[in-house]
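Asks: Attaching a predicted model along with its sequence, questions to come.
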Amino acid sequence: MAELVFSVRDLAQMRFAVSPMWEVGPSLRLLRSGVVHPVHRRWAEQVRPRLAAAGLDRGRLAELVPPSGYVPDFLNPTPAAPVAELAEEVDGILATPPERVRRDLDRLRREQGGLGPRTEALYARPEARLAGVAEEVRLYWELALAPYWARIRAVLDADVAHRARQVAERGAAHLLGGLHASVRWDEDTLRLLRRPSALSRPTAGHGLLLIPSVFTGPVPFTRVTPPDPPQLAYPARGIGSLWEAPSGDGGEALAAVLGRTRARLLAELDSPASTTELARRTALSPAAVSENLTALRAAGLTTAHRVGRSVLYARTAAADTLLAAAAAAGG
């Protein structure tokens, strides 16, 4: 059990952040573990073939994120803003001093019993090899997370709003005591019941950064690299509904507003899909699909993400809300 004592200053510096890199590492670990939680099975079945085709299942990032155990801390730079952008976090990774990279990799070597060949090359020349890691992070993001980010962000934002309301209504102690079954608050001390290594305030830095994650689990993850505040990434509320499609059938109501073709395309984008796949499903021509997707994208209802030679289209959170509202009105 690890214990972190809080002063008034530490409580005053406690904050939340949404971090793309805290989804990158845990989601890749989930894919590499071979055991996928039933909630994420549908996502994993869609993503695994893309990663294999791109070679990411055996690349630099895969060596740095083992199926279990320690993940190098430099992969999770401290978010400066309440909602970090991937580009900002990648810049943070690229700015990691070589000695810090080697220190993290020394720990990875100890805990994993060795390093892979690409990681050994990174250890030898961090200043030259970090760019390759950053490039794989960007590619992984586009293949595995970007098409789903609107849904993920909706869950993360809802979690932060709920926790902030808890603090306002019942205080920080109630918030910290209710984050997870393995996290306990006792007077002025936060106890992490299943953290294997020691933790103390003098060696952890001031404050606390709370980061909800849809892929972190079954226990919270921590990053302790002073003088940065300690980070606690915990499972977000509402993960069970993350991949659910809007209930009901609001097709007719939505068609009256958007037109039948565009309403049908939005409904088909329950999972990200290419123009070719959507044309096959809807019996429309690829040109007609492309034209209507362009219009939906201009209206903020879809996003486009390049995956190799094709482009995957995905619904935005606004589109999910529109479909749910149409279904409720039709019901």
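Replies: Received it, and whenever you're ready, just let me know what you need. Numbers count the residues shown, from 1 in each chain.
Asks: List the contacts of the lengthiest helix in the chain.
Replies: If you go by DSSP state H, the chain has its longest helix at helix 149-170. Outside helix 149-170, the residues that touch it by Cβ atoms under 8 Å, 6 or more residues apart in numbering are 16, 18, 20, 23, 82, 145, 174-175, 178, 210, 212-214, 236-239, 241-243, 303, 314-317, 320. C-betas here are computed from N, CA, C, even on glycine.
Asks: Would you show me how to pick out the buried ones of those residues in PyMOL?
Replies: To isolate the buried members of those in PyMOL, using 16 or more other Cβ atoms under 10 Å:
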select buried, resi 16+18+20+23+145+175+210+212+213+214+236+239+242+243+303+314+315+316+317+320
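Asks: among the contacts of helix 149-170, which are in helices?
Replies: Going by DSSP H, the helices hold Glu23, His174, Leu175, Ala317, Asp320 from those.
Asks: Next secondary structure element downstream of the helix or strand harbouring Leu108?
Replies: Taking DSSP states H and E as the definition, one finds Leu108 inside helix 98-112. Using DSSP H and E, the helix or strand that follows helix 98-112 in sequence is helix 117-124.
Asks: Helix or strand next in line after that following helix, which one?
Replies: Downstream of helix 117-124, the first helix or strand assigned by DSSP H and E is helix 126-140.
Asks: other SSEs contacting that next one?
Replies: If you count contacts as 3 or more Cβ pairs under 8 Å, 6 or more residues apart in numbering; DSSP states H and E, helix 126-140 packs onto helix 21-33, helix 60-64, helix 86-94, helix 98-112, helix 117-124.
Asks: just to revisit the earlier point, residues of the longest helix of the chain that come out buried?
Replies: If you call a residue buried by 16+ other Cβ under 10 Å, then helix 149-170 has these buried ones: 149-157, 159-160, 163, 166.
Asks: which stretches of the stretch 51-200 of the chain aren't confidently modelled?
Replies: Low-confidence segments of the stretch 51-200 of the chain, defined by pLDDT under 70: 194-198, 200.
Asks: if you set the cut-off to 80 instead, what comes out?
Replies: 193-200 (pLDDT under 80).
Asks: Check which residues of stretch 127-136 are buried.
Replies: In stretch 127-136, counting by 16+ other Cβ under 10 Å, buried: Arg129, Leu130, Val133, Ala134, Glu136.
Asks: Mind picking the one among those residues that's closest to Gly259?
Replies: Of all the buried residues of stretch 127-136, Gly259 sits closest to Glu136, with 40.5 Å by Cβ to Cβ.
Asks: ok, back up a step: could the buried residues of helix 149-170 go into CSV alongside distance to Asp270?
Replies: Below are the buried residues of helix 149-170 laid out as CSV (distance: Cβ to Cβ, whole Å):
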residue, distance to Asp270
Trp149, 16
Ala150, 13
Arg151, 10
Ile152, 15
Arg153, 17
Ala154, 15
Val155, 16
Leu156, 20
Asp157, 21
Asp159, 23
Val160, 25
Arg163, 29
Gln166, 32
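Asks: Return the closest of the ones in helices among the contacts of helix 149-170 with respect to Gly34.
Replies: Glu23 (19.5 Å).
Asks: That closest one contacts Phe221, correct?
Replies: No. Assessed by Cβ atoms under 8 Å, Glu23 is found out of contact with Phe221, at 11.6 Å.
Asks: Spit out the residues that contact the two alike.
Replies: Shared contacts of Glu23 and Phe221 (Cβ under 8 Å, 6+ apart): Ser213.
Asks: so what are the domain limits for this protein?
Replies: Following automatic domain parsing, one finds the domains of the chain at 2-239, 251-330.
Asks: where do the helices sit along the stretch 151-300 of the chain?
Replies: Using DSSP state H, counting those that start in this stretch, the helices of the stretch 151-300 of the chain run over 172-177, 201-204, 251-258, 260-268, 275-282, 286-298.
Asks: So which of the ones you listed is nearest Arg107?
Replies: For the helices of the stretch 151-300 of the chain, proximity to Arg107 was assessed by Cβ to Cβ; helix 201-204 is nearest, at 14.8 Å.
Asks: How far does the closest one sit from its chain's centre?
Replies: 27 Å (Cα atoms, centre = their mean, to the nearest Å).
Asks: who does it touch, helix- and strand-wise?
Replies: Against helix 201-204 (3+ Cβ pairs under 8 Å, 6+ apart) you get strand 2-5.
Asks: From Asp157, how far out is the nearest residue to Phe221 once chain neighbours are set aside?
Replies: The shortest distance from Phe221 to any non-neighbouring residue, by Cβ to Cβ, 6 or more residues apart in numbering, is to Ala233 (4.5 Å). Remark: distance between Ala233 and Asp157 (Cβ to Cβ, to the nearest Å) = 16 Å.
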